[in-house]
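J.: Return a 3D structure for these sequence lines:
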Amino acid sequence: MLLLGCWLIVGSCTKELDQTNPNSVTAENFWSTAGDAEKGVNSIYAMYYKKGGYARWIYFLYDLRSDEGTSESPWLELQNWQKFILINYNFEISWTTWQDHYRGISRCNQVLENVPDIVMDEPLKQRYLAEAKFMRALWYYNLTTLYGNIPLTLQVENAESRPATASQAEVWAQIEADLRDAANVLPETYGNADLGRPTKGAANAMQGKALMQQRKWSEAAAALQWLTEGAGRSNYQLVTDFSDNFKHTTEFNSESVFEINFNDANIGPFPDEEDSPAQNLGNTRSQFFGPGGGLPGFGDGEMRRWVPREFLEDQTVDGQRDPRLAATCLYDSTDERGGDFTMAYGQVWNQVFAPDNSRRNRVFYRKYQNDYYRNFENFFSPINHRLIRYADVLLMYAECLNQMGRTADAYQYVDQVRQRAGLPTLTAAKPGMTQGQFQEQIEHERVTELTGESWRWSDLARWGYFDDLNKVAELRPHDPDFNNFDNLKYKFLPIPKDEVDRNPNVRQNPGY
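T.: Numbering: from 1, shown residues only. This is a model prediction of the structure:
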């Protein structure tokens, strides 16, 4: 009887397990309330903290592959990817970036498909939808910039979905549409509880970037004009101290147009990179870009020596060195008196690197490193990534005006950026430049203002350096890695092999 009793209990339990649990959360019953809408939108932001979002690999693909950076990592495959030696198309930095960006897009699509049917406060609903469109546009901006022609998915997919490759023109058109919609709805500012959500200014600035990459100069200028001359002008101002843009103590300042939140609230022995209450909310870039070799960090990413020399082309109005140099570059002359005076993480540069002359002359990124307040790095950097700053907007607007033949009108916007650094204005120093001369000046100004902020690759692409091998040759004196850029296929990364194998509708990029 005991055995029979056990069988009856098991049979009863098995029958019960076949029934639907009314308390379980499924896709069918989740999207019901305003709270569900908020959670759905917030899940998109969670993708920023993934290695393939904005927590790690994006900086390798943008900063280090450009001529401003390189890698001498002991991880040879990581080093080779920055040097255009691409053998394993499933290598982690590319595959994870691809995967996490499409995961972010999937979450955007779920919000855009399900939230419209929720009965809730209508203005808040529209704002949530606009946030999702902004973030979908951001994910697609990165994907089409890095990979070229890619699958364009605008609906919720399932395991059987096999989206086809879309042209860059189609992807850019969708990015433009999403950002126009977002700009029409998003507020100009938020209260403290919602800082980090995109604003109208962020949508206009991002739209300007997308249009500039297509060389649609007048349309880009129209989007950027809202921030520089239009109704949004009062929301933005350059901060006095340039370095305040890269510290955790001065986040969301007047220069911030859009920034990605990071913090060390979930610091622990091992970073949790999955969706959970313990998920790492810090940026791991600083650990990988830290110099290593006796100083904190792995030393996997570093800067080319030509970059600090670029800063030395100008002096301030009182004959001093450009102060942005010390905020941008960590090297033997961060203190202009030399390596015996340069301090890094509480140590004297020459005392750390003197025994190894090969390292002594190397340059590392200082932006987004934590040495301004502590002597160590880890996987939990609390410094927000300022994706778009007002200084960037001013330089973009000047570039557009110049390309439109309005060179004289463009001067004032570059002047604002230079004056913050204490440099003489272009109006005083270089009046009457031709359109071509002014473009060369813009290229210089974007190096000294924006190095290490992940826009150099986009800049080089927009300026045509990857479309002509003669232009590629101009980069080689800066960066010997471009000796391997002997085929224009390297303008884009290879589509991950697993994606090509899984989806017969995806075409591999030419040359791979």
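
J.: contacting residues around Glu38?
T.: If you count contacts by Cβ atoms under 8 Å, 6 or more residues apart in numbering, Glu38 has them with Tyr128. C-beta: built from backbone N, CA, C; applies to glycine.

J.: again, but for Gly232
T.: By Cβ under 8 Å, 6+ apart, Gly232 lies in contact with 188, 200-201, 204, 226.

J.: swap the cut-off to 7 Å and go again
T.: 188, 200-201, 226 (Cβ atoms under 7 Å, 6 or more residues apart in numbering).

J.: and those, which of them are in helices?
T.: Per DSSP state H, helices hold the following members of these: 200-201, 226.

J.: shaky segments in the protein?
T.: Applying pLDDT under 70 to the chain picks out residues 1-27, 356-358.

J.: Which other helices and strands does the longest helix along the chain contact?
T.: Criterion DSSP H: the longest helix present in the chain is helix 122-147. Packing partners of helix 122-147 (3 or more Cβ pairs under 7 Å, 6 or more residues apart in numbering; DSSP states H and E): helix 34-45, helix 92-114, helix 168-185, helix 200-213.

J.: Just name the most buried of the ones you listed.
T.: Most buried of those, by mean neighbour count (mean count of other Cβ atoms under 10 Å): helix 200-213, with a mean of 25.

J.: what does that helix contact?
T.: 134, 137-138, 141, 172, 175-176, 179-180, 182-183, 186-188, 219-220, 223-224, 226-227, 232, 235-236, 257-258, 388, 393, 396, 400, 458, 461-462.

J.: And the contacts of Gly232, which two are furthest apart?
T.: Maximum pairwise distance in the contacts of Gly232, criterion Cβ to Cβ, is 9.8 Å, between Glu188 and Trp226.

J.: Next, give phi and psi for Pro308.
T.: With angles defined as degrees, to the nearest 10, Pro308 sits at phi -60, psi -30.

J.: Can we start the residue count at 451 from this point?
T.: All right, first residue 451 from here; so that's Pro758.

J.: got the contact list for it?
T.: The contact partners of Pro758, taken as Cβ under 7 Å, 6+ apart, are 775, 779, 781, 813.

J.: Mark which of those are buried, thanks.
T.: 775, 779, 781, 813 (16 or more other Cβ atoms under 10 Å).

J.: Just confirm Gln819 contacts Gly740, I think it does.
T.: Yes. Gln819 is in contact with Gly740 according to Cβ atoms under 7 Å; the separation is 6.5 Å.

J.: Between these two, tell me which one has more neighbours.
T.: Gly740 (27 against 24; other Cβ atoms under 10 Å).

J.: Contacts only, for the nearest residue to the more buried one once chain neighbours are set aside.
T.: Once flanking residues are discounted, Gly740 sits nearest to Gly747: 1.5 Å by Cβ to Cβ, 6 or more residues apart in numbering. Under the criterion of Cβ under 7 Å, 6+ apart, the neighbours of Gly747 are 737-741, 827.

J.: His928 contacts Gly519, correct?
T.: No. Here His928 does not reach Gly519: they are 10.6 Å apart, not a contact under Cβ under 7 Å.

J.: Looking at the two, which is more packed in?
T.: Gly519 (27 against 17).

J.: Could you pull up the residues touching the closest residue in space to that one that isn't next to it in sequence?
T.: What sits nearest to Gly519 in space, not counting adjacent residues and going by Cβ to Cβ, 6+ apart, is Asp513, at 4.7 Å. Contacts for Asp513 (Cβ under 7 Å, 6+ apart) come out as 519, 751, 902, 904, 906.

J.: 8 Å instead?
T.: Residues counted as contacts of Asp513 (Cβ under 8 Å, 6+ apart) are 519, 751, 815, 902, 904, 906-907.

J.: could I get those residues as a markdown table with secondary structure and distance to Glu563?
T.: Shown next, in a markdown table, are those (DSSP: H, G, I helix; E, B strand; the rest coil; distance: Cβ to Cβ, whole Å):
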| residue | secondary structure | distance to Glu563 |
| --- | --- | --- |
| Gly519 | strand | 39 |
| Gly751 | coil | 38 |
| Tyr815 | strand | 40 |
| Gly902 | coil | 38 |
| Ser904 | coil | 30 |
| Arg906 | helix | 36 |
| Trp907 | helix | 32 |
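
J.: Emit the PyMOL select command for whichever of these are buried.
T.: Filtering those down to the buried ones (16+ other Cβ under 10 Å) takes a single PyMOL command:
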select buried, resi 519+751+815+902+904+906+907
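
J.: Need the max-distance pair from the contacts of Asp513.
T.: The widest separation within the contacts of Asp513 (Cβ to Cβ) is 14.9 Å, between Tyr815 and Trp907.

J.: contacting residues around His835?
T.: His835 neighbours (Cβ under 8 Å, 6+ apart): 504, 709-710, 712, 733, 818.

J.: of those residues, closest to Phe761?
T.: Using Cβ to Cβ, these come closest to Phe761 at Tyr818, 18.0 Å.

J.: Go ahead and confirm the closest one touches Gly732.
T.: No. Applying Cβ atoms under 8 Å as the test, Tyr818 and Gly732 come out as separate, 11.5 Å apart.

J.: Need the residues touching each of these two.
T.: Ser831.

J.: Return the backbone torsion pair for Gln687.
T.: Residue torsions, per degrees, to the nearest 10, at Gln687 are phi -160, psi 140.

J.: Report how many residues lie close to the closest residue to it other than its chain neighbours.
T.: Closest residue to Gln687 apart from its sequence neighbours, by Cβ to Cβ, 6+ apart: Ser704 at 4.2 Å. Using other Cβ under 10 Å, Ser704 has 12 neighbouring residues.
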